[in-house]
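K.L.:
okay, predicted coordinates and the sequence, questions at the end:
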Amino acid sequence: MNSVTLILIGNAILSLFLITIWGLTLNGMVMKIVARVHGRFGPPVWQPFLDIIKNNAKRTMIAHGTMFFLGPVFRIASGIGTYLFIPAIFGSTVFSNFSFSGDVFLVMYFIFFGQLGMALGAGESGHPYSPIGVSRGLAQMTAFEVPFSLAVISLAVQYNTLSITEIVAAQQGSILNWTIFTNPLAAIAALIALLGMNMHNPFSIVIAPQEIPIGPPTEYHSAYLGMLQTNRAIFNIAKLVLYMNLFFGGATNFITLILKTFLIYIFTSVAVGVAFPRFRTEQSIRFFLKYPALIGLLAIIIVSIK
Amino acid sequence: MVNPIYIFITSLGAAFLLNLFQKINRKIADLIFFLTLAVINYISLFWFYQLLQGYEAAKIYTAGFLPPYSINLYLGIEEAVFLVLINLLGFFSAVYLYKKFREISIKAMILYLVLIMGLNGLVMTRDLFNLFVFLEITSITTYALISLEDNKYSLTAGFKFIIAGGLVSTLFLIGTIYLYRLGGSLNLDFLVNSGVLNTKAGILATFLLVFALLIELKPFPANGWALDVYQSVHPGIAAIIASASSAAIFFVIYKFIPLMPSSFLPLLAGIGGVTFVFSNLMGLKQTDARRLLGYSSIAQMGLLLAALALIMQFDNLQSLSSIIVIIGGLFINHFLAKAGLFWLAGIVQKRNIRSWKIIANNPPLLLVFGGFILALIGLPPFPGFWAKWELVMQLSANNMMVWVWIILAGSLLEAVYLFRWFGYAVKNTEVEEIRTEAAQYLPVLIFLLGLLYLGMEGTHLVSGADSIYVLPVLLGVILYVLNWLPNKLKGSLCLLAVIYFSYRLLPALQDIYQLFGVVFLIGSAVLLITTFARKDIFKGFYPLLIIMILSLGNLLQAKTSLQFFLSWEFITITSYLLILRGKFSLKAALIYITFSLAGAYLILAGMGLAFRDTGVVSLAGLASIVNSGYIYVLLGLGFLIKIGIVGFHVWLPGAYTEAEDDFTPFLSAVLSKMGIFGLIMLAILLGEPVLKGIQLNYILGWLGVLTAFFGALLAAFQEDIKKLLAYSSLGQLGYIVLALAIHSHLGWVTSIYLTFTHLLFKGILFVAVAGLLSRVKTRKMYEMGGLINNMPLTFISVLIAIIALSGVPPLSGFGGKWLLYSSLLEKGWYLQAGLAFFASTIAFLYCYRILHSVFLGQPKTALRDVKEPSVWYIVPQYLFLFGIMAISMYPNLILKPVMSAVSTYFASSIYWEDYTVISSLGYWNGNAVMMVTMGVFMIPLLWLLFRIKAVTKVKQFNIVYAAERPDRPETTHYAHNFFAHYQKALGFLARPKVTEFWGNIAEVIHSVGALFRQLYTGNGQTYAIHILIFLLISYFILGVK
């Protein structure tokens, strides 16, 4: 391994470490905010850190088989990988991660890597709720990927590139250069899709408390669960960073990144999530395939006419 | 020189003497009977040989006068051919009938001799009244022979026959009288030159004559009497009526052509065409084997008549050889095959075509039966194939496209009922044995060999053909003969043959052709290993397989459209027969062959058009066609049907599912690519054609992406694992077509890349399923579960294949997706890209479903002791797996050769920087993705492994289950109707509309066939009316003024 590679890896670890901290904090803040909206006091902001430490420190674990054992590994590898394939901060060497490996399609597909792996692990647990959750999750995913992919295609046409770095570069200069202003339809379609991706209400059909207790991770506990919780923070932030890059001009420093991802999260998923009840699975599928998909189509048509 | 008149003298003399000798000793009489037949065979063969050597034709004048004062006979080369055939059939049919003859009085033999003599006379005579006499002789003897079968059906059939015969004689006599009155002669040659034909009365008289002869050819709809005859008469006699009598009458009509005004020809062609199509239409609903043969017989004679009348109308006759190929090929094909089939019908002794399954107990008979069926349909390597090809080419060259369609439509209908019949015969569930006697079996075999020989001879007569197919067929025959060897040895021989063939062929191929060669041959070679796992004796499997695989190779090296089509047909037939081997594949195989043949006929028609425009049959010649839209559509549609494009996909799930488990991998991984190859070849030759202002590639692209979408959606809803994978294959082929349609460097690179990856992962999946099903006796996924512990090796390979299929990085599938979207965006096909993306996410649904329902979840009690499949299933999987891992790690291994192959045709729009491939829009470094993924996977894995001491393995039902302990895996394994909610949301898109559509079409066609069958009431008077009405209608159509 030569020094260039070593520097790359070192940078990636640093970048990942910082983003994990922010991701966990963000989750803590959101739990607090949601609790306040509900009129509860809520857990402390650092609760996610405590959960992870606690779960990893459990003395015993059980396993239902090899795939069950590997499920969380797939999941977190996908979370980390997704983040690492995105250039997190524009112009920063440390935060450009491994974005030279591929463009936005790589990121979109790498998300599936973890979903598939986790689903396999959950499947081997033998608990019926797990595959029920997986089946719902996959079904909903096919639906929300439609407006999202249409939006990305619209962007590719608009900027004539698939490289995230170049898309961010094209949005620099003024706030009016942000995609949300230059291509609002694509942004809207993608943001609605983000609601589905984040699986807050009304799209919380995968975890679905009171229905199928927590869906796929039902059988996961101790270190497995700790890993899944860590992933939840990293993966969440990875998606937010991706959205920030694609639609909100990216970030040129870490503070901007924190601010933008926080705002995107709060004003999309969290705000919607606390205000709506849950869809049934088929309702959710139909929802994404109607207006959001149409908006996405319009976004493509408009940019391709220009 | 033996005077041909001895044919009459010996047969008549023997006929008189037989009765006498019989009084002395029956055996002597029998001997004389056969000697006589042998003598007339000798005379006709002798003359045939002499005439071939260039001797002058024999002109025989009776009573020492010259015509027109005497009856004259003529024996030229054409007559000689017919005589040889009729007499040979006479001899062999006599051998076949010998047992029957022994049972009844000597009179039957006498009648038989006289009948054969009459047919000889029909062929040779040049005198109208003499013709009438021979016509009567054959009629009366036939009538008497019909009554050989001693039952009431044959009696009534005979009576109907005599009614029709009476009408024919009357019409013929009236015509003869008029002609004699007008022309003053009964001699054909004199009448032609007499000018009488230019008068109205002369035309009417000729019409009556020709019409009388036509009725003898049993045209639709005036042929009810004939069908009853075919149905009730002894098969040995039916063979004579269907082949020999028809041949003689056909030749008489041929002799009459110079006599006819040119306005007769379209009428004759029309009657022939209508007869061909309608007889085949009505054959569809027929279940009585002999009546079915009757329909087929009538149809074939209709085709022959139409072909003759059409050829006579050609402005520019290409060459004598093409006439010989068309008329001779069609004629001989029908002559030998029909006689053979009637004989077989006598051997099998079963009326209902469903009962023919007993034939499967007797493989040689089954082989012969299959051969005749293939010959009748006009498939290689039989003469009918060359004839149909040449006919279509010549019709196209003369701008008679309507006729091409009529003939192809009729042929397709015929193929459907014949293959249906064959299907029933193959499915052996009976134990009943067929009694075969050498006397009955030998004639059948000899005729089949004759067909094969003549089919081979056809190679020399048709332009653009060569013996490219001989090697595969030869190897097939060798393997068939070596059937007694152990299976593994046969399989190894097969494998060696394929490897050697690849070693010879692949270096000789260029760019894209070479890549497809690798897919076809190397892919097949790996899949062949799977078949080693078989334990049972399976006759015919390897022979068919080797013909199929080598023909795939031949497809690549075809230089002319005929060679291409020939190989294409060989693959179609062999794959059909292989699918038919599946246990419950009867219906699926029939649908497969119907669609495949329809596709092949479209290709044939397209090649006809190309021949019209270029005048050559070389494939390279296609490139010179300016207005190539129609050709592209026809050929393209043919290829798309083979791929199973949406709308024509109805054959695919059934064929994939019902084929034997170790043959399905060939269908999906290898065979489906021949359509892709066809499309690419077409695009290389024709570019991007436009038809009526429509960019055809644009439509092709949409067809591709819709196929991808519906394939994925339908796959998600299947419970049957093979059906799921079948639909999945369909979807994957959709992407390949979509990429192909882009028609750019990147598009084609994508297409070929996907072709390769599809070979790898579908090869793994179908082989894995074959292994799985060898252990688990159900295809329903929800009846399995938890098999990961029973068959970990299979699970790992399936997992890898599924990851590759779904397109998830870091495996090779992602490369395909990335290339696809890049090429689509580069082309500007944004909406297609969106839909393709949607389809590829739906693919996750079925991908997960396979893994979960089969390998994960709760193991079923009954399957607890299931073991890993035999090593022969594992080896090919891991060979393919190695391929996937290699090209995932180093995509340039495959991308670089593909890119350089495609750059022969397009300038490249992507380039490499180390391991990164860069397109005009984005970039992808497969190697880096693999490294990063492995890195981020290892870190958490190490952490978990660090904690592994804390892990306890728990038992099956040890789960958090709402305070209850589940006791049955069936209620706990969530697998049935896995995507119920998806069905609720999008199920309306998955309704079998297309299947219903084709089902309705089939229903309508069958119903129409049934409707027309009602014409045949069985009433002799009605049949007589039919003949008269037919006469009037024909006369009005002719419009003689």
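P.N.:
Arrived safely. Residues are numbered from 1 along each chain as shown, chains lettered A, B, ... in the order given.
K.L.:
give me the residue from the stretch 201-350 of chain B nearest chain A.
P.N.:
Across the stretch 201-350 of chain B, the shortest distance to chain A (Cβ to the nearest Cβ) belongs to residue B:284, at 42.8 Å. Every residue, glycine included, has its C-beta placed from N, CA and C.
K.L.:
if I read this right, residue B:831 contacts residue A:297, doesn't it?
P.N.:
Yes - using Cβ atoms under 8 Å, residue B:831 is in contact with residue A:297, at 7.2 Å.
K.L.:
in stretch A:266-284, what counts as buried?
P.N.:
For stretch A:266-284, the buried set under the neighbour-count rule, 16 or more other Cβ atoms under 10 Å in any protein chain shown, comprises A:268, A:269, A:270, A:272, A:273, A:278, A:279, A:281, A:282, A:284.
K.L.:
other SSEs contacting the strand or helix carrying residue B:49?
P.N.:
Mapping residue B:49 onto the secondary structure by DSSP states H and E places it in helix B:26-52. In terms of contacts (3 or more Cβ pairs under 8 Å, 6 or more residues apart in numbering or on different chains; DSSP states H and E), helix B:26-52 is packed against helix B:5-24, helix B:77-103, helix B:107-124.
K.L.:
for residue A:146, which of these is the nearest?
P.N.:
Evaluated with Cβ to Cβ, those place helix B:77-103 nearest to residue A:146, the distance being 67.5 Å.
K.L.:
for the closest residue to residue A:219 other than its chain neighbours, grab phi and psi.
P.N.:
Nearest non-adjacent residue to residue A:219, counting by Cβ to Cβ, 6 or more residues apart in numbering or on different chains: residue A:125, 3.6 Å away. Residue A:125 adopts backbone torsions of phi -60, psi -20, taken as degrees, to the nearest 10.
K.L.:
now do residue B:58
P.N.:
Dihedral angles (degrees, to the nearest 10) for residue B:58: phi -90, psi 130.
K.L.:
identify the residue nearest it in space, chain neighbours excluded?
P.N.:
Of all residues not flanking residue B:58 in the chain, residue B:75 sits nearest, at 4.1 Å (Cβ to Cβ, 6+ apart).
K.L.:
again, but for residue A:126
P.N.:
Ranked by Cβ to Cβ, 6+ apart and with sequence neighbours excluded, the top spatial neighbour of residue A:126 is residue B:858, at 4.8 Å.
K.L.:
farthest pair within the buried residues of stretch A:266-284?
P.N.:
A:270 and A:282 (25.2 Å).
K.L.:
what residues are up against the residue of the stretch 201-350 of chain B closest to chain A?
P.N.:
Residue B:284 makes contact with B:413, B:416, B:417, B:1005, B:1006, B:1009 under the criterion Cβ atoms under 8 Å, 6 or more residues apart in numbering or on different chains.
K.L.:
can you give me the neighbour number for the last one?
P.N.:
Residue B:1009 is surrounded by 21 other residues when neighbours are defined as other Cβ atoms under 10 Å in any protein chain shown.
K.L.:
before we move on, what about the first one?
P.N.:
Using other Cβ under 10 Å, the number of residues around residue B:413 comes to 23.
K.L.:
make sure it is indeed in a strand.
P.N.:
No - Residue B:413: not assigned to a strand; according to DSSP: H, G, I helix; E, B strand; the rest coil it is helix.
K.L.:
do you know how far residue B:1013 is from chain A?
P.N.:
Plainly put, residue B:1013 is 49 Å away from chain A if you go by Cβ to the nearest Cβ, to the nearest Å.
K.L.:
determine the three-state secondary structure at residue A:112.
P.N.:
helix.
K.L.:
wait, doesn't it sit right on residue B:808?
P.N.:
Yes - if you go by Cβ under 8 Å, residue A:112 and residue B:808 touch, sitting 4.8 Å apart.
K.L.:
run through the residues of the stretch 201-306 of chain A sitting next to chain B.
P.N.:
A:218-219, A:222-224, A:227, A:280-283, A:285-286, A:289, A:296-297, A:300, A:304 (Cβ under 8 Å from any Cβ of the partner chain).
K.L.:
what about 7 Å?
P.N.:
Selection of the stretch 201-306 of chain A residues close to chain B by Cβ under 7 Å from any Cβ of the partner chain yields A:218, A:219, A:223, A:227, A:281, A:282, A:285, A:286, A:300, A:304.
K.L.:
which of those lies closest to residue B:533?
P.N.:
The closest of those, once distances to residue B:533 are taken by Cβ to Cβ, is residue A:219, at 36.5 Å.
K.L.:
what about the closest one, how many neighbours?
P.N.:
Neighbours of residue A:219 using other Cβ under 10 Å come to 25.
K.L.:
hmm, it is touching residue A:129, no?
P.N.:
No - contact between residue A:219 and residue A:129 fails when scored by Cβ atoms under 7 Å: they sit 8.7 Å apart.
K.L.:
how much space separates the residue nearest to residue B:691 when sequence neighbours are not counted from residue B:699?
P.N.:
Using Cβ to Cβ, 6+ apart and skipping the chain neighbours, the partner closest in space to residue B:691 is residue B:629 (3.1 Å). Relative to residue B:699, residue B:629 is positioned 11 Å away (Cβ to Cβ, to the nearest Å).
K.L.:
where do the strands sit along the chain?
P.N.:
I'll assume chain A. Counting by DSSP state E, chain A has strands at residues A:61-63.
K.L.:
chain B was what I was after
P.N.:
Going by DSSP E, chain B shows strands at B:58-61, B:72-75, B:690-691, B:694-695, B:911-913, B:916-918, B:923-925, B:951-953.
K.L.:
from residue B:898, how far off is residue B:555?
P.N.:
From residue B:555 to residue B:898 the distance is 20 Å (Cβ to Cβ).
K.L.:
which one's more surrounded, the two?
P.N.:
For residue B:555 against residue B:898, the residue with the higher neighbour count under other Cβ under 10 Å is residue B:555, and the figures read 25 against 21.
K.L.:
ok, residue B:585 - contacts?
P.N.:
B:579, B:658, B:659 (Cβ atoms under 7 Å, 6 or more residues apart in numbering or on different chains).
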